[in-house]
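Visitor: okay, predicted coordinates and the sequence, questions at the end:
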Amino acid sequence: MTLPIYLAEISPAKFRGRIVASLVVLITGGQVLAYIVDAIFFPVTKGWRWMFGFGAVPAVVQLLLSFSLPESPRFQLRHDRVASARKTIRLLNPTLSHGAVQRRIESIQAEVQGAKESDRADEAREGGVPLSLAKWKDWLQDWRNDIQEGRLGRLWRDRVSRRTLLVAAGLQFFQQATGFNTLMYYSAKIIQLSGLGQPVAFAIFVALSNFLSTIVALRLIDRMGRRALLLRTLIGMLFGMSLLAFSFVFIHLRADDAVQAAAAGQSGPSPWAFVAILAMNIFCISFALGIGNCAWVVQSEVFNQDQRAVGNGIATAVNWSANLLISSTFLHLASAITPAGTFALYSVISLAGWIFTWRYLPETKGLSLDEVRELFEREVGVHGTTAAPSAPTGGEASYHVVGEETSEEEEEERGTEATAAPKENRPESHEADKPIAGGGRDAHPD
Ligand SMILES: O[C@H]1[C@H](O)[C@@H](O)[C@H](O)[C@@H](O)[C@H]1O
């Protein structure tokens with residue numbers, strides 16, 4: 001949960017999508033490694049001990065490396081640690097000029113002002129009833145007040161914040177409910193059911209295509225934008241999952257001995273088994289190019305400073321709860337309504353995910369975290385007609401010039417010009433590349 005927030009807070013707007021999505025590259029790379037370790041230890045007696053034990057290695061490395069990780073400049077400025085924030089900004093952006101660092105500090109200070117006020121209000125309310133069993137009623141009341149008056153309550157009461165929560169949690173829900181992890185967890189089983197031999201080898205192939213496509217997504221997410229990418233890849237997911245459902249209508253499910261006979265070459269697998277493999281790969285590649293990344297990126301950027309932690313917490317909890325629900329029900333569903341029926345159900349959920357994205361997600365690419373918030377504050381959301389976002393705050397690199405790579409220094413300089421210049425005068429305001437700010441339904445590429 002902390003990582004998307006941390007990465008979003010330390011990245012310039014132009015590369016934020018890519019930097020947050022690099023987290024997913026590491027997750028999916030880790031999954032491939034886990035498959036390989038498991039394949040190695042599968043034939044070993046009590047190999048599961050090694051499988052679990054190896055999981056501790058990256059955790060220890062991460063623990064050791066985290067000691068050298070600075071706090072994000074936003075966090076430092078929220079706690080008035082200006083000198084440390086200056087040092088961190090320099091560390092993260094060694095090419096920035098003195099003036100540019102100062103401008104970034106001032107912009108973040110302006111942004112965290114509201115959050116600091118909320119911090120003070122929360123502190124004033126806290127320290128209430130000491131935890132003792134005899135006073136459990138007071139304690140419960142205190143806890144309820146905290147929820148109502150604290151960050152959670154503010155997140156729920158405010159209409160704009162509710163919308164950001166809906167978008168972040170909704171995308172995380174669809175990321176899991178479309179059934180991707182059933183393919184990750186049960187791909188060997190599914191492949192075995194289809195009558196193909198070598199289920200583990202094919203399963204590694206699925207994990208590998210997830211990993212490689214996630215790397216490709218890094219290049220697309222800031223160029224194409226989250227919304228455009230999602231709307232296209234959800235169609236790929238819908239197609240892949242429907243094809244998988246269709247292929248399973250014709251696959252005669254095999255019992256274990258029949259699978260062994262097929263593997264020994266006594267009876268070949270049905271050609272539909274190969275269609276199923278193809279379908280799984282289409283689904284996985286589309287997932288990894290789109291919602292596998294975008295859900296994390298979007299949740300890291302839609303909340304304001306005050307609500308970022310609680311909002312990300314809720315969205316992450318939705319992700320894991322939906323994951324638990326889907327993966328723990330897969331085998332039961334497959335025996336109740338057949339695998340074909342289960343995959344058909346997941347494809348209907350992909351369709352619902354497409355409608356949700358089209359209806360609720362505005363384009364956030366290239367906008368500073370501040371501007372993303374402004375975008376949600378505009379009444380019209382994705383389908384109105386009000387103007388594009390206001391000029392960047394100057395604190396973050398706020399342009400999104402497709403295909404153009406610039407140094408931080410240039411970005412900062414442009415940021416200042418843009419703050420002074422009216423929007424129409426901005427040199428790079430390519431119509432085609434404008435985020436779908438308030439103009440989505442008419443303007444979006446689909
Ligand atoms: O974004 C990640 C990633 O795509 C993983 O492959 C998947 O297993 C996770 O559940 C998901 O949250």
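Guide: Received it, and whenever you're ready, just let me know what you need. Only a predicted model underlies this, so the values are computations on that prediction, with no experimental measurement involved. Numbering: from 1, shown residues only.

Visitor: interface residues of the stretch 101-250 of the chain facing the ligand?
Guide: Gln175, Asn181, Met184, Asn210 (C-beta under 6 Å from any ligand atom). C-beta here means a position set from N, CA and C on the backbone, and glycine is covered the same way.

Visitor: who's in contact with the third one?
Guide: With contacts defined as C-beta atoms under 8 Å, 6 or more residues apart in numbering, Met184 is in contact with Gln31, Val206, Ala207, Asn210.

Visitor: wait, the second one touches Tyr185, no?
Guide: If I follow you right, that is Val206. No: judged on C-beta atoms under 8 Å, Val206 makes no contact with Tyr185 at a distance of 10.7 Å.

Visitor: any idea how far Ile215 is from the ligand?
Guide: Ile215 sits 12 Å away from the ligand, going by C-beta to the nearest ligand atom, to the nearest Å.

Visitor: hang on, isn't Phe180 packed against Phe287?
Guide: Yes: here Phe180 reaches Phe287: they are 4.9 Å apart, a contact under C-beta under 8 Å.

Visitor: of these two, which one has the most company?
Guide: Phe287 (30 against 25; other C-beta atoms under 10 Å).

Visitor: helix or strand: which one has Ala168?
Guide: Here Ala168 is covered by helix 159-177, with elements defined by DSSP states H and E.

Visitor: contacts for that helix, please.
Guide: Applying C-beta under 8 Å, 6+ apart, the external contacts of helix 159-177 come out as 154-156, 230, 291-292, 294-295, 298-299, 302-304, 307, 311-312, 314-316, 318-320, 322-323, 325-326, 346, 349-350, 352-353, 356-357, 360-361, 373, 376-377, 381.

Visitor: now do whichever helix or strand comes after it, average pLDDT.
Guide: Later in the chain than helix 159-177, the nearest helix or strand by DSSP H and E is helix 180-193. Averaging pLDDT along helix 180-193 gives 86.

Visitor: next, the angle helix 159-177 makes with helix 180-193.
Guide: Following axes from the mean of the first three to the mean of the last three C-alpha atoms, to 10 degrees, one obtains 10 degrees for the angle between helix 180-193 and helix 159-177.

Visitor: interface residues of the stretch 251-400 of the chain facing the ligand?
Guide: So the stretch 251-400 of the chain meets the ligand at Gly292, Trp296, Asn319, Asn323 (C-beta under 6 Å from any ligand atom).

Visitor: how about the first one, what does it touch?
Guide: This means Gly292. With C-beta under 8 Å, 6+ apart, Gly292 has these contacts: Val24, Thr28, Gln175, Phe180, Asn210, Thr214, Ala217.

Visitor: buried residues, the host helix or strand of the second one. List them.
Guide: Thr28 is located in helix 16-41, with elements delineated by DSSP H and E. The neighbour-count criterion (16 or more other C-beta atoms under 10 Å) identifies 16-25, 27-29, 31-33, 35, 37-38, 41 as the buried residues of helix 16-41.

Visitor: quick one: is that helix near the ligand?
Guide: Yes: using C-beta under 6 Å from any ligand atom, helix 16-41 reaches the ligand at Val24, Ile27, Thr28, Gln31.

Visitor: and the residue nearest to the last one when sequence neighbours are not counted, how many neighbours?
Guide: To tie it back to what came earlier, the one meant is Gln31. Distance criterion C-beta to C-beta, 6 or more residues apart in numbering; nearest residue to Gln31, sequence neighbours excluded, is Ala207 at 5.2 Å. If you count neighbours by other C-beta under 10 Å, Ala207 ends up with 22.

Visitor: do you know how far Ala207 is from Ser161?
Guide: For Ala207, the distance to Ser161 equals 37 Å [C-beta to C-beta, to the nearest Å].

Visitor: check this protein for the residue nearest the ligand and tell me.
Guide: The nearest approach of the chain to the ligand comes at Gly292, 3.3 Å away (C-beta to the nearest ligand atom).

Visitor: now do the strands in the stretch 151-300 of the chain.
Guide: Under the criterion DSSP state E, counting those that start in this stretch, the stretch 151-300 of the chain contains no strands.

Visitor: now the helices for the stretch 51-200 of the chain?
Guide: In the stretch 51-200 of the chain, helices defined by DSSP state H, counting those that start in this stretch lie at 56-66, 73-78, 82-92, 98-125, 136-149, 151-157, 159-177, 180-193, 199-224, listed in chain order.

Visitor: so what does the last one touch, helix or strand wise?
Guide: This points to helix 199-224. The helices and strands touching helix 199-224, judged by 3 or more C-beta pairs under 8 Å, 6 or more residues apart in numbering; DSSP states H and E, are helix 16-41, helix 180-193, helix 226-250, helix 271-289, helix 291-301.

Visitor: between those helices, which gets the lowest average pLDDT?
Guide: Among these, helix 180-193 carries the lowest mean pLDDT, at a mean of 86.

Visitor: export the residues of helix 16-41 next to the ligand as JSON lines, with columns for distance to Phe202.
Guide: Shown next, in JSON lines, are the residues of helix 16-41 next to the ligand (distance: C-beta to C-beta, whole Å):
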{"residue": "Val24", "distance to Phe202": "23"}
{"residue": "Ile27", "distance to Phe202": "21"}
{"residue": "Thr28", "distance to Phe202": "17"}
{"residue": "Gln31", "distance to Phe202": "15"}
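
Visitor: give me every residue that touches the residue sitting nearest the centre point of the chain.
Guide: Central residue of the chain (C-alpha atoms, centre = their mean): Trp296, 1.3 Å from the mean position. For Trp296, the contact set (C-beta under 8 Å, 6+ apart) comprises Pro4, Val20, Ala21, Leu23, Val24.

Visitor: Cys284 too?
Guide: Phe180, Leu183, Val206, Ser209, Asn210, Ser213, Gly240.

Visitor: could you find the closest non-adjacent residue to the last one?
Guide: Right, Gly240. In space, and not counting its chain neighbours, Gly240 is closest to Phe283: 3.0 Å by C-beta to C-beta, 6+ apart.

Visitor: how many other residues sit next to the one you found?
Guide: Phe283, neighbours per other C-beta under 10 Å, totals 29.

Visitor: same question for Pro339.
Guide: Pro339 has 25 neighbouring residues, counting by other C-beta under 10 Å.

Visitor: and the angle for the strand or helix carrying it with helix 226-250?
Guide: Element membership of Pro339 [criterion: DSSP H and E] is helix 308-360. Here helix 308-360 runs at an angle of 70 degrees relative to helix 226-250 (the same axes, to 10 degrees).

Visitor: roughly how far out does helix 308-360 sit from the chain middle?
Guide: 15 Å (C-alpha atoms, centre = their mean, to the nearest Å).

Visitor: and that helix with helix 271-289, angle?
Guide: Angle between the axes of helix 308-360 and helix 271-289 is 120 degrees (criterion: the same axes, to 10 degrees).
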